[in-house]
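Asker: Here is the input, now give the coordinates:
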Amino acid sequence: MPRRLQRAAALHFHRHTLPQVAVDAGLVALAYYLAYTLRFDGGVPELYRDLMQRTLPFVVFGSVAVFALFGLYRHWGRYATQRDYLSVAYASAVATLALLGYVALVQPRLVLRGGVFVSVPIPASVLVLYGLLMLVFVGSSRFAVQLVYERPFRGYRTRRDARSVVIVGAGDGGRLLLREILRNPQLGYRPAGFVDDDPRKQGERIDRGVRVLGTTSDLGRVLDDVEPDEVLIAIPSAPGTMRARVVAACRERGVAVRTMPTVFELLQTEDRLLRQVRKVEVEDVLGREPVRMDLDRAGAYLAGRVVLVTGAGGSIGSELCRQIARVGPSRLVLLDHAEDNLFQIRRELVEDRHVLNTVAVLADCKEGERMREVFAEHRPAVVFHAAAYKHVHLMEENPVEAVRNNSLATRVMAQVAGEAGTKVFVLVSTDKAVMPATVMGASKALAEWSVEAADQRFPDTAYCAVRFGNVLGSSGSVVPIFRRQIAAGGPVTVTHRDMTRYFMTIPEAVQLVIRSGSLASGGEVFVLEMGEPVKIMDLARDMIRLSGLEPERDIAIEVIGPRPGEKLHEALLNPYERSQPTPAQKIMRAEHPRIDPAWERETFDHVNWLVLDGDAATLAATVAELAAVRQVPPALDPGAVLDPDLPGSRDGA
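Answerer: Prediction:
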């Protein structure tokens, strides 16, 4: 805000500031009167009494004006902060000096001495007493008002049916939550104590006499001793391991647990803080720290460039659009063949986020001529190809469309991008492309090969693919499926007791994709280091318990058996690939022999004919054979082999 506007805002009086102005005026007058009275014990001499009376109006009105200039009336006194008290000190000093100047220049008290009129100054002791008393009175009035609102005279009386709560985190978030509870007895909470891992806080009374009862490792003992009705996690940035520890201890004792939201979540609503406390989501207890990147730096290469996102209305594509919009592309082209999805993301960007440099293109990536028209019109420098069919079982039933949309369309996009001189082309892939056992996985493996072959045909374009595991919250993810089943009363269906999957959040996946685009030099496959895989059976049980229910008692878990082609465990690398580090944290590169473009062309010609014939059975068998387990696609260099000790390596690539 410009300094001129800040000054105007400081001088602006609100209706609720008038009582405060009146109180300050009275306190200033009292301080001025007491300064003279205390200085002259035997009574104020007539000379100085006259001076006091003539300068009193200026003292009152001048001091209030100075207070206004220092912004003391911009909000209620109950919200006074340390900066406000510092402003009171500055304002008191300036008001005192202003009085000295006023008496000397405007209202001098003149007396005749030795035939000459001389001015009578305010005694220095009076000025000092006046300044100190004014500082004490004005500052104390604000402190008293704040004390009344923070600690009402009636004391903290909770309702008889108030729920006892233990707050995890004795930092700023925990104190803020505690004060909100104590200010609002109608909320029906009674704080029983804090839990915090800081050893310096153990046993200390943090705020309002509420003590730290132990660490999160001691939470089980604390819950047994205190027997609270609920636990509130007041650390929005708490790591997933700590949340998992807290939830596990509460779950064993049947204690409900909730967590404070992040700052972003708080900004999305105007409700009170305590009502923002949300239930612990399954994302909080997956046991892996979320990957966080500096988007402004990771996506700096997109600033001022035309960026095209295919599948812009999907779960990954729409988040790509949101995050790319933040780094300032010159134009953001949204491409999708689903009208409703495209309408929703365009409306969100333009109306809610005020991203006005968006262009919505309703088109199908499979149509080469239409794509050439789009590229000729917009000339994108960077393309994120997120358009794909991803529902595994649906693709098993429709193999022709799976290959047409995931494989052939990717090849079309890669070729058109190369012909148009696009600088960077990023394919959004999946871990199901690794040793694929389904048509969907095989179609994505073919898509990766088409991008790698295009990289060799079009050296001016840097192509890369990005693999990651299951995305929480995306359509088709197991998490929303489990949520719906729990809401319906069960049963929750799990395909196998030992099945595991890698999980990540949508923002994580998108950050990986954007960062990978900046790393691309040509032909890479990037993979996120995703930690340990999560057991689906444990995930189902956790989600049931987080809903306040008990597995097998309230909600049944039914093991239905793996579907055709469904693997028990997913992998991030093929047997013929090995992991190599990259400059980016948590991102690795899958090194493998380069594919032979001639083989890729011949393979796709064959697959294309099968798609045109609509021969679903033969097509499914063909792509399964092409991407069979341990089968390495022919390399450009017949002598290019990996380390012979690497699992899956063989003589002759």
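
Asker: From the chain's centroid, how far away is stretch 244-257?
Answerer: 25 Å (Cα atoms, centre = their mean, to the nearest Å).

Asker: again, but for stretch 187-203
Answerer: 26 Å.

Asker: mind listing what's buried in it?
Answerer: 187, 189-197, 201 (16 or more other Cβ atoms under 10 Å). For every residue, glycine as well, the C-beta is placed using N, CA and C.

Asker: So what touches it?
Answerer: For stretch 187-203, contacts defined as Cβ atoms under 8 Å, 6 or more residues apart in numbering pick out 158-159, 161-171, 174, 178, 180-182, 206, 208, 210-219, 222, 226, 228, 230, 242, 274.

Asker: Tell me the span between the first and last residue of that stretch.
Answerer: End-to-end distance of stretch 187-203 (Cα to Cα, to the nearest Å): 27 Å.

Asker: looking only at pLDDT, what's the mean for it?
Answerer: The predicted model assigns stretch 187-203 a mean pLDDT of 86.

Asker: what do you get for stretch 579-593?
Answerer: The model assigns stretch 579-593 a mean pLDDT of 87.

Asker: Show me the helices in the stretch 351-500 of the chain, by range?
Answerer: 368-378, 392-397, 399-403, 409-419, 439-457, 478-487 (DSSP state H, counting those that start in this stretch).

Asker: Quick check: the farthest pair among the buried residues of stretch 187-203?
Answerer: Pairwise distances across those (Cβ to Cβ) peak at 26.7 Å, for the pair Leu187 and Asp197.

Asker: if we can go back for a sec, name the nearest of the buried residues of stretch 187-203 relative to Gln585.
Answerer: Closest to Gln585, out of all of those and judged by Cβ to Cβ, is Asp197, at 24.7 Å.

Asker: isn't Gly489 right up against Ser547?
Answerer: No: applying Cβ atoms under 8 Å as the test, Gly489 and Ser547 come out as separate, 11.0 Å apart.

Asker: more crowded one of those two?
Answerer: Relative neighbour count places Ser547 above the other of Gly489 and Ser547, with 16 against 10, counting by other Cβ atoms under 10 Å.

Asker: In contact with the nearest residue to that one once chain neighbours are set aside, which residues?
Answerer: Spatial nearest neighbour of Ser547, excluding adjacent residues (Cβ to Cβ, 6 or more residues apart in numbering): Ile486 at 5.3 Å. For Ile486, the contact set (Cβ under 8 Å, 6+ apart) comprises 492, 543-544, 547, 549, 555.

Asker: Just put those in CSV and tack on secondary structure.
Answerer: What follows is the contacts of Ile486, written out as CSV (DSSP: H, G, I helix; E, B strand; the rest coil):
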residue, secondary structure
Val492, strand
Met543, helix
Ile544, helix
Ser547, coil
Leu549, coil
Ile555, strand
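
Asker: Weed out the non-buried ones from the residues you listed.
Answerer: 492, 543-544, 547, 555.

Asker: ok, the residues you listed vs Leu356, which is closest?
Answerer: Met543 (40.2 Å).

Asker: Surely that closest one is in contact with Pro480?
Answerer: No: using Cβ under 8 Å, Met543 makes no contact with Pro480, being 10.5 Å away.

Asker: Which other helices and strands does the longest helix along the chain contact?
Answerer: Longest helix in the chain by number of residues (criterion: DSSP state H): helix 124-150. The contact analysis (3 or more Cβ pairs under 8 Å, 6 or more residues apart in numbering; DSSP states H and E) places helix 124-150 against helix 18-39, helix 46-69, helix 82-105, helix 172-183.

Asker: buried residues in that helix?
Answerer: 126-127, 129-131, 133-135, 137-139, 141-142, 145-146.

Asker: helix or strand right after that helix?
Answerer: strand 163-168 (DSSP states H and E).

Asker: any idea of the mean pLDDT for that following strand?
Answerer: 90.

Asker: quick check: angle from the strand or helix carrying Gly220 to strand 163-168?
Answerer: Assigned by DSSP H and E, Gly220 belongs to helix 219-226. Interaxial angle of helix 219-226 relative to strand 163-168 (axes from the mean of the first three to the mean of the last three Cα atoms, to 10 degrees): 150 degrees.

Asker: So that it lines up with my notes, have the first residue be 815 from now on.
Answerer: Sure, I'll start numbering at 815, so the last one becomes helix 1033-1040.

Asker: who's in contact with the next helix-or-strand element following helix 1033-1040?
Answerer: Sequence order places strand 1044-1047 as the next helix or strand after helix 1033-1040, per DSSP H and E. Contacting residues not belonging to strand 1044-1047 are listed as 977-983, 991, 1003, 1033, 1037, 1057, 1060, 1064, 1069-1074, 1091, 1094 [Cβ under 8 Å, 6+ apart].

Asker: again, only this time at 6 Å
Answerer: 977, 979-982, 1064, 1069-1073, 1091 (Cβ atoms under 6 Å, 6 or more residues apart in numbering).

Asker: mind putting those residues in CSV, neighbour count and distance to Leu861 included?
Answerer: Shown next, in CSV, are the contacts of strand 1044-1047 (neighbours: other Cβ atoms under 10 Å; distance: Cβ to Cβ, whole Å):
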residue, neighbour count, distance to Leu861
Arg977, 15, 68
Val979, 24, 66
Val980, 26, 67
Ile981, 30, 63
Val982, 28, 67
Cys1064, 24, 76
Val1069, 21, 75
Ala1070, 17, 74
Val1071, 23, 73
Arg1072, 17, 70
Thr1073, 23, 69
Val1091, 18, 66
